[in-house]
Structures are given as structure tokens and as C-alpha cells.
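> Need coordinates for the following:
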Amino acid sequence: MDGKAWLDAGLFFLRILLPVLTVGVAVGCFHSMKAGRRREEPVMVLEDMVSKKRIPVLYWENSIGRSKSCDVVVADMTASRDHAVLMRRESGWIVKDTESKSGTRVNGKKVDPEGKAVLPGDVITVGSTSLMLKRTTEAPMRVPKQRRLHAASPFSLMMWVTVIQVLLLLQACFSSGAFSLLPVLPFVGLLVLEWGLYVYSIHHLNRVSFELETLGFLLSGISVLLLSGMRTKPQEGQALPDMLALVDGSMKETYVQLAAVFLGILLFCFLIWFMNDLDRVMRWRLGIAVGAILLFLANLVLAKESNGARNWISLGFISIQPSEFIKIAFVFVGASTLDRLQTARNLSGFIFFSAACMIFLFLMRDFGTACIFFVTFLVIAFMRSGSIRTIFLALAAAGLGAFLILQFRPYVLSRFEGWRHVWEYVNESQGYQQVRVLSYSASGGLFGLGIGNGKLGGGTSGNPVFAADSDLVFGMLCEELGLIMAVCCVCLLAALAVYARSESTKSRSTFYSICSCAAASMLLFQACLNVFGSTDVLPLTGVTLPFISAGGSSMAAVWGMLAFLKAADERTYAARRSKAKAPARKGGYGR
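From the prediction side, this is the model:
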């Protein structure tokens, strides 16, 4: 074989390695998150004053009532189904009544709406049942032995992510068979960002977990280096110094994506800090809701219609998509509008806010984002109320709204007339994009043609299909890195949703649980719309694939979503407090 044949064989082998290493990093991260969980040992104990039965208190927030869904179940018909909540806060343990019929008492005194601090030895009365709060050392309980899992080192996981990115870099440097150093500079920038956050988080903040950030960098790195293959390729006979250049105007989109990763990291860090104080969260909830509405208004006033929707504001040298950041506000407001965390289930405020968001998205003609908001609303509404009836009412209202839209805005239906019939519109707008996604994706096979070699992204022709790197990026992934790698990326997003659900009972607060489940559901549903829309399983709605698609607003926003999952991990804040506040735990935390 000649030199080019050996090079092609080597690059093909690298593309085989990519999904293997990606799966290995993903398995290592999720295994470490599972190994790092606090074992379900009692943090406190409630002892029935009559029967002397001991009930373990396992979580940061524990519902008390006669419903079997409660964390602490009392066999007392005089108690309400959801009677009270026993929660752990910075100052210690607090009991709040959940609008029960008979009220909740501590040492015989009725608990006011703001709740009552309790200490070991205090007696909590719900209905006719009295429970004494005790430390686990005072009332030891036999706990089943749990097999200890060993977590992978955060450093080793990050090193493997760097190895994956080096393999992607080699693919990008040799795209279209012409060697170029242009992808090296964004690669170095990516390394600085990810290892900088690693050092700041692990060594400065003393956190013990870095798995979610590792997964975020894995996906973000794929995005940045995939985009670097869409640069202008050197023509035959071009001078060698140009081929070895590190900066080129055709790499602008790659640098924008890298800058978006940086902004996303800043947003991620800010949200982690902001959500540490739940009192601060409650104070700012209304302001965030008002800010989201004002951002929608600014969008309607300043945005110009593009591709049938008014969802971009141009600021000259840069454009932003406000709806991406409003997604963060939507999750935040939905989880925080409880009058008192886990003690009131009034959804009216969130329903009005959601309705306002839907109206604005309808006026902007951004129906893909409207679908994402609606599904997220269903998740939050169910977690907030636990009522199937609420969900059915929301679905009925959505069905009625869709019917009215099609009756009075029939042009909406015309946008989807090519759905399931794209092969009848091969060279027309209704099916041009999806037909090429399906054809070019198939040509990539299991392991792809290599970064920069796909026709969907332009290849040697330099004429990519419109939105190949954003709305159709799943097809670009399949063509250039292979079907296996593309499926791995989507499965990572699905695994985040599974992780959020498994962590929902272990979070410090219901706020964190709702936020993480809503954010993960939003990311997963958005990924489904992108993948199934570009492959004609669903109508093409023009939404991005989280972490992968080009787009500064989208990349920054998904890192903000990742912060909700990070906040739900009880290690995020507990590990940082381990040194700074360890002495303060002596009286109130009970261990």
C-alpha cells in the first residue's frame, strides 16, 4: 500500500476506537456517580412515642403522612395523606405543615406557616401520632449491608476524554486528505477550558465529583472538532505555509462554538453558586420570571424573521437566540414557584407563566421550542402536583390549542406537508434536507468517512447543505463519525435523564429534584426532535442537538441545564462544606 492508503487505514482505525473509548468514559462516569452516592443510611430517627417503633429518616426532605407514597408513613387515620415535611437545612432540621386538616405540632405547640426548627429530643405530632426526633447514635438501627462501589478517578476520566479529543483532532487535521494545523488552536483552547474548570472545581472548591462536567466536555469537544472540519480546504498546489497556518477566516464558526463553551462554563458555575442558597432562589424567582417575559418582548420587537421564525436577535457581529436562555428560566421558575418548598402545591402561577411563554413562541412561530416547553411543563406539573388529572387537562388544552391554530393559521400545516413524503420532494424545500440527511448518513456506515469528508457538511466541494451543522447535525455525525458514534452521543443524553430520575429522591431539596428531572427531560426531548426530525420520523422543527449542534446560544444554554443536574447531586454542596463548615454540624445535623 502507498502512503495515502496507510493513512486512510490508520484514520479508519481511529474512528473504530472513538465509540469504544466514548462508551468506556460514559460507563466510568455513570459508575462513579452511582458509587459516589450516599448510602441509604438513616441520618436521623423518628421514634413513635407509644409503640416505640423506630422509623429511619433517609433524605434531606422527608414527607410525613398516611399516604404510602410518603417517606415516613404513619398508620393514623387522623393524619392527612400528606401531613408535614421534615427537612434538613443549613441551620438544622425544620418541620413544616403541608396544609393538613389538624395541623402539625412540635412539643405541643402548633407549627406556623414558616415552619419550626426542631432538635433531637423534640416531639413532632401529626394527627394523633407523636414522633420523637433522635440522633442515629441515640437510636441505632440495623442497616442492610451494601456492596461498596469504587469510583473512577476524575483525573483519569478527564485524561480519557482528552485522548478521545486527540483522536478527533487527528481526523480533523487530515480531513479531505490534506494536512492542516487549523484545528490545533481550537483544540488547545478546549483543553485550557476543560482542565481549567477541573483544577478550579477539584482543587479550589474541594469538590469530589466531576463526572457531569466530564460528559459535557466529551460532547462539547465532539462539536468543536466536528465543526473544524467544515473549514475551507487547501486547493491542489497551494503553498505549504498556508496549510500550516493556525488561524483562518473559515474557522470562524469553530471559534464561536469554543467561545460559547466558555460562556456556558461561566453560566454553569454561576448557577451552581446561585442555587446553593435556597432562600436566595425564592427571593429571585419572580424577578427571573419577569426577566424571561421581558426577553420575549425584546425578541418580538428586535428580531427579524428568518426561515419562517422570529427567534434570532442580531447584534451586528453576533446573533443570540433568547428562547435558549429562557429555557433555563422556565425550569427555574417551574421548580421554585412553590409558596413553600414541598409544602404547597399551587400551580396557578406557573400555569400563567407557561401560557405566556407559549403565546410568545406562537407569535415568534417557533413551534419546535414550543413543543419543548410544553413537554417540560408536563414534567414539572406532574412532579409538583402528582396529579394525573392535571396532565390530562394540560394535554386537552394543548390539543384544543393545536386545533385552533390549524383552523385560523392554516399556513402552519404547510410547513409540515413534506413529512413522511420527503422522497417525493427530493429537490424541493419540503424534502431537500431530509433526503440528503438520509442518503449521506447511510454512506457513512458504522464508522463514518472522517471529519471533513462528508458531503452533508460540504466535504471538498465547500457547499454544505443548509443547517447541516445545527438542525441536521445528527446526519453529519453519522456521515463523518459513523452511526455507532452518533447513537452513542444520543444515548449519553438519554442516560442523563435516567440519572436525573434516579437522583431525584436523594437531592437536598425538592427544588433540585424538579430542576434536574425537568432539565434532563428537556434535553432528551430536544434531542429526539432533532434526531427524528432530520431523519423524517417526526416533522423537522428546527431545534438543535444539545451539546453537538453549532450555535452559541444553544451551547451556552445546555451547560446551564447541566448545572441543574449538578446541583441535584448532594455531593456538589456537601463536599465543599466538609472543610469550611464541619464544626457547625455538631448540634443540628444529628450525626
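> biggest helix in this protein by residues?
Counting residues, the longest helix found in the chain (DSSP state H) is helix 3-35.
> What residues sit buried inside stretch 558-576?
Residues 558-573, 575-576 are the ones in stretch 558-576 that count as buried (16 or more other Cβ atoms under 10 Å). Any C-beta I mention is one placed from the backbone N, CA and C, and that applies to glycine too.
> any idea how far residue 23 is from residue 446?
Distance of residue 446 to residue 23, given as Cβ to Cβ, to the nearest Å: 14 Å.
> Going along the chain, name the strands of this structure.
Per DSSP state E, the chain carries strands over the ranges 44-48, 54-57, 61-65, 72-73, 84-89, 92-97, 104-106, 109-110, 116-118, 123-126, 129-134, 313-314, 319-320.
> among these, which is nearest residue 30?
Evaluated over those, closeness to residue 30 peaks at strand 61-65, with 24.6 Å, by Cβ to Cβ.
> on that earlier part again, what helices or strands is the longest helix of the chain leaning on?
On a contact count with 3 or more Cβ pairs under 8 Å, 6 or more residues apart in numbering; DSSP states H and E, helix 3-35 meets helix 154-173, helix 211-228, helix 483-503.
> just the angle between that helix and helix 483-503, please?
If you take axes from the mean of the first three to the mean of the last three Cα atoms, to 10 degrees, helix 3-35 sits at 10 degrees to helix 483-503.
> ok, back up a step: CSV for the helices and strands packed on helix 3-35, including mean neighbour count, mean pLDDT and distance to residue 474?
Formatted as CSV, these follow (neighbours: other Cβ atoms under 10 Å; pLDDT from 0 to 100; distance: least, Cβ to Cβ, whole Å):
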stretch, mean neighbour count, mean pLDDT, distance to residue 474
helix 154-173, 19, 94, 17
helix 211-228, 26, 95, 11
helix 483-503, 20, 92, 6
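> how near is residue 437 to residue 168?
Counting by Cβ to Cβ, the gap from residue 437 to residue 168 is 21 Å.
> What is the least confident helix or strand in the protein?
Ranking every helix and strand in the chain by mean pLDDT, DSSP states H and E puts helix 585-588 at the bottom, with a mean of 35.
> nearest residue to residue 550 other than its sequence neighbours?
Setting aside the residues directly before and after it, residue 550 is nearest to residue 469 in space (Cβ to Cβ, 6 or more residues apart in numbering), at 4.1 Å.
> who's in contact with that neighbour?
226-227, 230, 253, 457, 476, 549-550 (Cβ atoms under 8 Å, 6 or more residues apart in numbering).
> Pipe these into CSV and attach distance to residue 119 per row.
Output for those, formatted as CSV (distance: Cβ to Cβ, whole Å):
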residue, distance to residue 119
226, 56
227, 57
230, 63
253, 59
457, 63
476, 60
549, 52
550, 55
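> got a winner among those for most neighbours?
residue 476 (36 neighbours; other Cβ atoms under 10 Å).
> hang on, isn't that one packed against residue 458?
No: Residue 476 lies out of contact with residue 458 (Cβ atoms under 8 Å); the separation is 9.8 Å.
> Mutual contacts of those two, please.
residue 468.
> so where's the stretch 251-400 of the chain uncertain?
307-308, 337-347, 385-390, 397, 400 (pLDDT under 70).
> need the contact list for the closest residue to residue 116 other than its chain neighbours.
Nearest residue to residue 116 in three dimensions, chain neighbours excluded: residue 106, at 4.7 Å (Cβ to Cβ, 6+ apart). Residues near residue 106 by Cβ under 8 Å, 6+ apart: 95, 116, 118, 122-125.
> By neighbours, which of the residues you listed wins?
residue 124 (25 neighbours).
> Beta-bridge partners for that one, please?
Using DSSP bridges, the bridge partners assigned to residue 124 are residue 106, residue 131.
> I figured it hits residue 115, correct?
No: Residue 124 is not in contact with residue 115 according to Cβ under 8 Å; the separation is 11.6 Å.
> got any residues that touch both of these two?
Common neighbours of residue 124 and residue 115 (Cβ under 8 Å, 6+ apart) are residue 95.
> ok, how many other residues are close to the closest residue to residue 201 other than its chain neighbours?
Of all residues not flanking residue 201 in the chain, residue 207 sits nearest, at 5.1 Å (Cβ to Cβ, 6+ apart). By other Cβ under 10 Å, 22 other residues sit near residue 207.
> before we move on, what about residue 443?
By other Cβ under 10 Å, 13 other residues sit near residue 443.
> And the pLDDT for the closest residue to it other than its chain neighbours?
Leaving aside its chain neighbours, residue 443 sits nearest to residue 479 (6.3 Å; criterion: Cβ to Cβ, 6+ apart). Here the pLDDT value assigned to residue 479 is 94.
> If you tally nearby residues, what's the number for residue 479?
With other Cβ under 10 Å as criterion, residue 479 counts 29.
> which residues does it contact?
Here residue 479 is in contact with 440-441, 443-444, 448-449, 454-457 (Cβ under 8 Å, 6+ apart).
> Kindly report the same for residue 11.
The neighbourhood of residue 11, defined by Cβ under 8 Å, 6+ apart, consists of 170-171, 174, 450.
> Make a markdown table from those residues and add distance to residue 362 to it.
As requested, the contacts of residue 11 are arranged in a markdown table below (distance: Cβ to Cβ, whole Å):
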| residue | distance to residue 362 |
| --- | --- |
| 170 | 47 |
| 171 | 42 |
| 174 | 47 |
| 450 | 42 |
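> Out of those, which comes closest to residue 352?
Using Cβ to Cβ, the contacts of residue 11 come closest to residue 352 at residue 171, 49.7 Å.
> these two touch, right, the closest one and residue 449?
No: contact criterion Cβ under 8 Å: residue 171 and residue 449 do not qualify, at 10.0 Å.
> Leaving out sequence neighbours, find the closest residue to residue 171.
Excluding its sequence neighbours, the residue lying closest to residue 171 (Cβ to Cβ, 6+ apart) is residue 451, at 4.2 Å.
> OK, contacts around that neighbour?
Contacts of residue 451 (Cβ under 8 Å, 6+ apart): 168, 171-172, 175, 225-226, 228-229, 480-481.
> hey, what's residue 84 bridged with?
residue 64, residue 97.
> For it, give its distance to residue 72.
9 Å.
> what about the two, which has more around it?
The neighbour comparison of residue 84 against residue 72 (other Cβ under 10 Å) goes to residue 84, with 33 against 21.
> ok, that one touching residue 94?
No: using Cβ under 8 Å, residue 84 is not in contact with residue 94, being 10.4 Å away.
> quick one: residue 559 and residue 265, what's the gap?
6 Å.
> now do residue 125
49 Å.
> Same check on residue 208?
Taken as Cβ to Cβ, the span from residue 208 to residue 265 is 19 Å.
> So between the two, which is more surrounded?
Neighbours of residue 208 and residue 265, each counted by other Cβ under 10 Å, are more numerous for residue 265; the result is 23 against 16.
> What sits closest to that one if chain neighbours are left out?
Closest residue to residue 265 apart from its sequence neighbours, by Cβ to Cβ, 6+ apart: residue 197 at 5.7 Å.
> ok, residue 486 - contacts?
So residue 486 contacts 474, 477-478 (Cβ under 8 Å, 6+ apart).
> Any figure for the gap between it and residue 162?
Separation of residue 486 from residue 162 (Cβ to Cβ): 22 Å.
> Repeat that for residue 172.
15 Å.
> and what of residue 438?
34 Å.
> Next: residue 267.
Distance from residue 267 to residue 162, by Cβ to Cβ: 23 Å.
> Please report phi then psi for the closest residue to residue 436 other than its chain neighbours.
In space, and not counting its chain neighbours, residue 436 is closest to residue 465: 5.2 Å by Cβ to Cβ, 6+ apart. Main-chain torsions, residue 465, degrees, to the nearest 10: phi -70, psi 140.
> tell me the contacts of residue 465?
Counting by Cβ under 8 Å, 6+ apart, residue 465 has contacts 432-433, 436-437, 455-457, 472.
> switch the cut-off to 7 Å
The neighbours of residue 465, taking Cβ atoms under 7 Å, 6 or more residues apart in numbering as the test, are 433, 436, 456, 472.
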